[in-house]
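Enquirer: Got a sequence here, can you model it:
(one chain, ligands or ions: 1)
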Amino acid sequence: MKVVETIDLEQKFQDKIDREIKIEPNDWMPEAYRKTLIRQMSQHAHSEIVGMLPEANWITRAPNLRRKAVLLAKVQDEAGHGLYLYSATETLGADREDTIDDLHSGKAKYSSIFNYPALSWADIGAIGWLVDGAAIMNQVALCRCSYGPYARAMVKICKEESFHQRQGYELLTTLANGSPEQKELAQDALNRFWWPAIMMFGPNDDESPNSAQSMKWKIKRLSNDDLRQNFIDATVPQAELIGLKVPDENLKWNEETGHYDFSPINWDEFWQVIGGNGPCNKQRVDARRKAKEDGMWVRDAAMAFAEKRMKKQSA
Ligand code: 3HC
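Expert: Next up, the predicted model:
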């Protein structure tokens with residue numbers, strides 16, 4: 001295609017974005033827009049699927065039937081979110097098998113938070129309250145993403161995330177109002193999950209190679225730092241309400257800015273974890289590889305059945 005034609009197409013595309021017209025799968029789009037959406041959406045899907053692992057470990061250890069049923073429902077929701085997002089990624093021409101292989105080979109990322117272990121039952125509360133709480137903060141903004149299938153997927157996913165966040169907060173509230181040992185369990189979970197949860201929003205804006213373009217294309221509607229600040233401002237009062245202390249001695253409400261000031265984030269830890277050196281990276285990717293191997297016979301049987309049906313229909 002001639003350069004002049006491409007420039008004209010790109011200008012028309014940006015004009016649609018600026019006028020808040022959703023981009024749909026069959027619309028013309030710059031290759032770079034398609035690529036960054038496949039990158040972000042597939043990694044979002046991977047996060048949902050890998051995110052099932054820490055919680056699944058606690059389904060058989062839930063303290064009662066009600067907690068077990070709630071946790072089962074949440075983990076099943078995450079599987080659905082993953083499949084939803086893999087399907088949305090396929091609307092951009094991404095091949096499902098290749099996408100999943102990228103996770104298994106270590107080529108693709110998933111959310112850093114899931115490389116931390118869930119060591120106690122209170123961690124299940126902290127994951128729901130903080131991790132799903134952070135995910136909601138991020139995903140509500142994505143409901144206004146310029147790419148139609150992604151934005152629409154977020155609407156359904158956010159409704160379910162609200163249940164996830166609420167059940168986690170209620171679980172921790174129960175522990176925080178329980179025996180001294182239970183309260184200590186809740187505080188310990190907050191101590192271990194607070195900083196990895198605020199890292200979920202990604203590096204500072206000036207360290208983010210993708211943000212500027214993603215904001216121009218209205219994939220990202222709020223920056224990493226703005227979403228992080230909104231999450232901190234909303235979550236600190238919730239911790240205080242149940243008598244838990246956020247593990248940051250510099251956390252302080254700033255009347256002037258109307259936000260909480262907080263300590264610098266340990267970005268070395270962040271880059272180490274997303275570079276594959278977190279506490280559970282190997283365990284998580286091995287579990288996903290094993291799930292694919294163990295489930296191969298189901299896929300083979302389904303393919304054999306489909307081929308047989310097609311042969312019968314074409315006979
Ligand atoms: N974990 C892993 N990688 C991360 C990360 C994190 N928390 N934050 C940033 N990164 C990676 C980015 O993917 C990028 O690497 P890449 O170019 O190889 O993909 C690099 O660090 C630089 O970060 P940027 O800020 O430039 O990247 P983005 O513009 O993509 O912003 C993001 C990062 C905010 C995570 C964005 O990708 C996003 O909004 N993703 C969709 C939401 C999502 O994935 N949430 C994950 C949690 S899902 C969840 O918790 C489900 C719940 O139900 C359990």
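
Enquirer: going forward, measure contacts and count neighbours with C-alpha atoms only.
Expert: Noted.

Enquirer: contacting residues around stretch 270-280?
Expert: Among residues not part of stretch 270-280, those counted as contacts by C-alpha atoms under 8 Å, 6 or more residues apart in numbering are 109, 111-112, 114-117, 196, 199, 281-282.

Enquirer: Of the residues you listed, which is the most crowded?
Expert: F114 (27 neighbours; other C-alpha atoms under 10 Å).

Enquirer: Nearest residue to it in space, please, no chain neighbours.
Expert: G51 (5.7 Å; C-alpha to C-alpha, 6 or more residues apart in numbering).

Enquirer: try P30
Expert: Per C-alpha to C-alpha, 6+ apart, closest to P30 is E10, 6.7 Å.

Enquirer: List the residues that contact Y84.
Expert: Going by C-alpha under 8 Å, 6+ apart, Y84 touches 45, 153.

Enquirer: Kindly provide the distance from it to A56.
Expert: 20 Å (C-alpha to C-alpha, to the nearest Å).

Enquirer: can you check I265 too?
Expert: Taken as C-alpha to C-alpha, the span from I265 to A56 is 29 Å.

Enquirer: Which positions in the stretch 101-250 of the chain make contact with the ligand?
Expert: Contact residues (C-alpha under 6 Å from any ligand atom) of the stretch 101-250 of the chain with the ligand: 109-112, 131-132, 135, 138, 199-203, 208-211, 224.

Enquirer: Out of those residues, list just those in helices.
Expert: 135, 138, 199, 211, 224 (DSSP state H).

Enquirer: how much space between the first one and F201?
Expert: What that stands for is A135. 9 Å.

Enquirer: tell me the phi and psi of R221?
Expert: Phi and psi for R221, reported as degrees, to the nearest 10, are phi -100, psi -30.

Enquirer: and it, what does it touch?
Expert: 141-142, 144-145, 215.

Enquirer: rerun that using 6 Å as the cut-off
Expert: 141, 215 (C-alpha atoms under 6 Å, 6 or more residues apart in numbering).

Enquirer: May I have stretch 230-244 exported as PDB, CA atoms only?
Expert: Provided in PDB are the C-alpha atoms of stretch 230-244 (Å, rounded to 0.1, in the frame of the first residue of the first chain):
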ATOM      1  CA  ASN A 230      -7.200   5.700  43.200                       C
ATOM      2  CA  PHE A 231      -6.800   2.200  44.500                       C
ATOM      3  CA  ILE A 232      -4.800   3.300  47.500                       C
ATOM      4  CA  ASP A 233      -7.200   6.100  48.300                       C
ATOM      5  CA  ALA A 234     -10.200   3.700  48.200                       C
ATOM      6  CA  THR A 235      -8.500   0.800  50.100                       C
ATOM      7  CA  VAL A 236      -6.700   2.400  53.000                       C
ATOM      8  CA  PRO A 237     -10.100   3.500  54.700                       C
ATOM      9  CA  GLN A 238     -11.300  -0.100  54.200                       C
ATOM     10  CA  ALA A 239      -8.300  -1.500  56.100                       C
ATOM     11  CA  GLU A 240      -8.800   1.000  58.900                       C
ATOM     12  CA  LEU A 241     -12.500   0.200  59.200                       C
ATOM     13  CA  ILE A 242     -11.600  -3.400  60.100                       C
ATOM     14  CA  GLY A 243      -8.700  -2.400  62.400                       C
ATOM     15  CA  LEU A 244      -5.900  -3.500  60.100                       C
END
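
Enquirer: re the thing from before, and the residues of the stretch 101-250 of the chain next to the ligand, which of them are buried?
Expert: 109-112, 131-132, 135, 138, 199-203, 211, 224 (16 or more other C-alpha atoms under 10 Å).

Enquirer: Next, I219: secondary structure please.
Expert: Using DSSP: H, G, I helix; E, B strand; the rest coil, the secondary structure recorded for I219 is coil.

Enquirer: Low-confidence bits of the protein, can you list those?
Expert: Where the chain drops to pLDDT under 70, the residues are 1-4.

Enquirer: And the helices in it, which stretches?
Expert: 3-18, 31-50, 52-56, 65-90, 96-105, 121-126, 133-142, 148-176, 180-199, 211-216, 224-241, 267-272, 281-294, 296-314.

Enquirer: Can you say which of those is nearest to P25?
Expert: helix 148-176 (7.8 Å; C-alpha to C-alpha).

Enquirer: Check which residues of that closest one are buried.
Expert: 148-151, 153-154, 157-158, 160-165, 167-169, 171-176.
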